[in-house]
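K.L.:
Just the structure for this:
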Amino acid sequence: MARCRAAAKDWGRDVADITLVAVSKTFGREEILPVLEAGQRVFGENRVQEAQGKWPELRQLYPDIELHLIGPLQSNKAADAVALFDVIETIDREKIAAALAKEMEKQGKAPRLLVQVNTGAEPQKAGVLPGETSAFVELCRKKYGLAIEGLMCIPPFEENPGPHFALLRKLAGELALEVLSMGMSADFETAIELGATHVRVGSAIFGQR
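P.N.:
Model prediction:
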């Protein structure tokens, strides 16, 4: 968190406007507990099934935990995702939007929702293409009644992340979306410079997997 504060100060931003999402995928209760004890409450997980195995128990100890799904979501896991997560960051196709809308109505729950954008147009990576983002957000809103709050991206590993973060900020601005989830351990300072509201940091907190 000290690095987040320093980056916010460097770029004239209020650190209160930046949420640190501690990426706890692959780490168990023993590794997560010290981070909780240090005061961290927002965590990110890649897989629904893995999260189900550890977070219900931890939530009994720390009821104010906020859990983000930051990995791809399959439609057959929509019910479990709605039941467990407070924020789902990876909506990227109509089938997922439809499944989430159905489950949210059924369960009476309203997790906060982001659309994942494939800023690098990488064929192997999830996410809506930049040119299709506006239409997809409108589809989610109008057809399925989903209150999309923001956008998320994972830039190509081998490229300068700055242009990708700038593109996500531009798209969010055009759509009047306030939440920008971007930046990981290696590049979150750049993301903060370019307007990130949420940074997803794993190895810088938990160490290498």
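
K.L.:
Which parts of this protein are helices?
P.N.:
Under the criterion DSSP state H, the chain contains helices at 2-10, 29-37, 48-52, 55-61, 78-84, 94-107, 133-142, 161-174, 188-193, 203-206.

K.L.:
Just give me the lowest mean pLDDT stretch among these.
P.N.:
Ranked by mean pLDDT, the helices of the chain bottom out at helix 2-10, which scores a mean of 80.

K.L.:
what is residue 112 paired to in the beta sheet?
P.N.:
Beta-bridge partners of residue 112, counted by DSSP bridges, are residue 87.

K.L.:
what's the spacing between it and residue 141?
P.N.:
14 Å (CB to CB, to the nearest Å). For glycine as for every other residue, the C-beta is placed from the backbone atoms N, C-alpha and C.

K.L.:
Please apply the same query to residue 48.
P.N.:
Per CB to CB, residue 48 is found 24 Å from residue 141.

K.L.:
The two: which is more packed in?
P.N.:
Each of residue 48 and residue 141 has its neighbours counted (other CB atoms under 10 Å); residue 48 has more, 22 against 14.

K.L.:
contacting residues for that one?
P.N.:
Counting by CB atoms under 8 Å, 6 or more residues apart in numbering, residue 48 makes contact with 69, 73, 77, 80, 81, 84, 85.

K.L.:
farthest-separated two in those?
P.N.:
73 and 84 (11.5 Å; CB to CB).

K.L.:
neighbour count winner among the two?
P.N.:
The neighbour comparison of residue 73 against residue 84 (other CB under 10 Å) goes to residue 73, with 25 against 20.

K.L.:
so what's the residue nearest in space to the middle of the chain up against?
P.N.:
Nearest to the geometric centre of the chain sits residue 89, at 4.0 Å (CA atoms, centre = their mean). Residues near residue 89 by CB under 8 Å, 6+ apart: 44, 68, 69, 70, 114, 116, 152, 181.
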